[in-house]
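Asks: sequence and predicted structure, then a few things I'm wondering about:
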Amino acid sequence: MVPVNSNQPISYKFDEEMENLKNHVLKMGGVVEQQIRRATDALSQLDANKAEAVSENDRYVNALEVSIDVECARILVCRQLAASDLRMVVAVIKIITDLERIGDEAERIAKMAISIYLQDDVFHNRYMDVTHLSECVIKMLHDALDAFARLDAGAAFEVVRYDKKADAEYQSIMQQMLTFMMEDPRTISVSLDMMQAARALERIGDHAMNIGEYIIYLVKGKDIRHLSIKDAEKDVLS
């Protein structure tokens, strides 16, 4: 008679718990990515209904963060984790914090859309370079989530590297807004709202970069947050 391995059910259940944890993070990430798209659509179309939907859905994002956080705490208390599993839980806690903050930034963009909508501003279409920045940071978040799903440190590093492009897009928009305001004082109010929306998008890029750094920590066990791109590249790709 083959002896029963009493550890097997426990091990299987733990693997299932960790996989579920990962899937819940990806679910939250998908919701947040959709929030950015909806907020940007609300801004580009001056659609108050879409903007209000973003604000309402932010409560769901917050609830997801709390739920995942509780699950992480339960795993930490109930399980004796190996180093790699501990890194996963720590990384997840950090990732969902950044995802929740991305959700907050999406809500901020939606609020700017409502503000401009209420002004009925005739200059609105001059500011649509903001949508290019939006696509840039959405790509960063999408690629970061994909790197997390595959535990791919190299792909995560590309997200970190891509943040320079997002920053350049942001600086270009800010210069454009200043030019509009100096050339035509009537554009000041909507330009300031657009600057806030652009700042929110730039912050989303920063949070996506943070997620990329957490994935590198998870996979490689190396913290690259305070390293230059050149030094980080040696650690990640070596």
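Replies: Thanks, I have it. Residues are numbered from 1 along each chain as shown.
Asks: can you pull the buried residues of the helix or strand hosting K13?
Replies: For K13, the element it lies in under DSSP states H and E is helix 7-45. Neighbour counts over helix 7-45 (16 or more other CB atoms under 10 Å) mark 14, 17-18, 21, 24-25, 28-29, 31-33, 35-36, 38-44 as buried. For every residue, glycine as well, the C-beta is placed using N, CA and C.
Asks: which strands or helices does that helix pack on?
Replies: Here helix 7-45 touches helix 48-78, helix 83-119, helix 130-150, helix 188-220, going by 3 or more CB pairs under 8 Å, 6 or more residues apart in numbering; DSSP states H and E.
Asks: tilt between the first one and helix 7-45?
Replies: Looking back up the chat, that one is helix 48-78. 160 degrees (axes from the mean of the first three to the mean of the last three CA atoms, to 10 degrees).
Asks: can you tell me which helices and strands helix 48-78 packs against?
Replies: Packed next to helix 48-78, using 3+ CB pairs under 8 Å, 6+ apart, are helix 7-45, helix 83-119.
Asks: by mean pLDDT, show me the worst of these.
Replies: Mean pLDDT is lowest for helix 7-45 among these, at a mean of 89.
Asks: can you give me the end-to-end span of stretch 121-129?
Replies: 17 Å (CA to CA, to the nearest Å).
Asks: pull out the buried residues from it.
Replies: D121, F123, H124, R126, Y127.
Asks: hang on, the earlier thing: closest to M182 out of the helices and strands packed on helix 48-78?
Replies: For M182, the closest of the helices and strands packed on helix 48-78 is helix 83-119, at 19.5 Å, according to CB to CB.
Asks: that closest one to helix 188-220, inter-axis angle?
Replies: 170 degrees.
Asks: circling back to that earlier point, between the helix holding K13 and helix 130-150, how big is the angle?
Replies: 170 degrees.
Asks: ok so, going back, most neighbours per residue, which of the helices and strands packed on helix 7-45?
Replies: With neighbours defined as mean count of other CB atoms under 10 Å, the helices and strands packed on helix 7-45 peak in mean count at helix 188-220, which reaches a mean of 23.
Asks: that one packs against which elements?
Replies: Looks like helix 188-220 contacts helix 7-45, helix 83-119, helix 130-150, helix 153-183, helix 229-237 (3+ CB pairs under 8 Å, 6+ apart).
Asks: from the chain's centre, how far out does it sit?
Replies: Relative to its chain's centre, helix 188-220 lies at 7 Å (CA atoms, centre = their mean, to the nearest Å).
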